[in-house]
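J.: no sequence for this one, just the structure:
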């Protein structure tokens, strides 16, 4: 059985927490993504967007097609990127983010966050969630490597999981 057949034999789901502009059929989206990859030998956002632009595409509802709304969403994403991009240089080559995201209160000055136990704990919760997300990604790669018989890749993934686990433990509240 080919790798494509193995992947397609499983039921596709949309990741929890992913914001969709509308409902989509995960299996149909997976099939379209596989078809694009098979046709082009790779998968990049431009190919997905071009295919999804057709109203008959299973991916169409996942996008905001009103240009005014889409432009606003894009600018909001650019604003988030800008906030995260600004760093303070403490020493040559040593940079710290000027602002850090803290739950519902949005972005707060990093210096304020480290001085406020409540803000600091919320920022650490978000950091733990990022580590847990990375662990999930590595577990998925490990599972896929095991299924494909890629022993060395699976071994590296398990080693990475051990390191991520250590990082997660360091972020736990005292």
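T.: That came through, no problem. Predicted, not measured: the structure shown is a model, and the values here were computed from it. Numbers count the residues shown, from 1 in each chain.
J.: from here on, just use CA atoms for contacts and neighbour counts.
T.: Noted.
J.: where does this protein have low pLDDT?
T.: Applying pLDDT under 70 to the chain flags residues 1-9, 16-22, 168, 173-174.
J.: tell me where it has strands.
T.: Assigned by DSSP state E, the strands in the chain fall at 87-91, 94-97, 99-101, 107-109.
J.: can you put those in JSON lines and add distance to residue 152 and mean neighbour count?
T.: Listed next are the strands of the chain as JSON lines, based on distance: least, Cα to Cα, whole Å; neighbours: other Cα atoms under 10 Å:
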{"stretch": "strand 87-91", "distance to residue 152": "38", "mean neighbour count": "11"}
{"stretch": "strand 94-97", "distance to residue 152": "34", "mean neighbour count": "12"}
{"stretch": "strand 99-101", "distance to residue 152": "37", "mean neighbour count": "20"}
{"stretch": "strand 107-109", "distance to residue 152": "41", "mean neighbour count": "15"}
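J.: to residue 128, which of these lies closest?
T.: Nearest of the strands of the chain to residue 128, taken as Cα to Cα: strand 99-101 at 13.0 Å.
J.: how about residues contacting the closest one?
T.: By Cα atoms under 8 Å, 6 or more residues apart in numbering, the residues outside strand 99-101 that reach it are 83-84, 86, 107-110, 113, 123.
J.: change it to 10 Å
T.: 80, 83-88, 106-113, 119-120, 122-123, 126-127 (Cα atoms under 10 Å, 6 or more residues apart in numbering).
J.: same check on stretch 141-152?
T.: By Cα under 10 Å, 6+ apart, stretch 141-152 touches 3, 6-7, 135-140, 153-158, 160-161.
J.: 6 Å - rerun?
T.: Applying Cα atoms under 6 Å, 6 or more residues apart in numbering, the external contacts of stretch 141-152 come out as 154, 157.
J.: just the helices in the protein please.
T.: For the chain, the helices defined by DSSP state H occupy 3-9, 26-40, 45-52, 67-85, 110-115, 117-148, 151-170.
J.: between the longest one and helix 151-170, how big is the angle?
T.: Helix 117-148 and helix 151-170 are oriented at 170 degrees to each other (axes from the mean of the first three to the mean of the last three Cα atoms, to 10 degrees).
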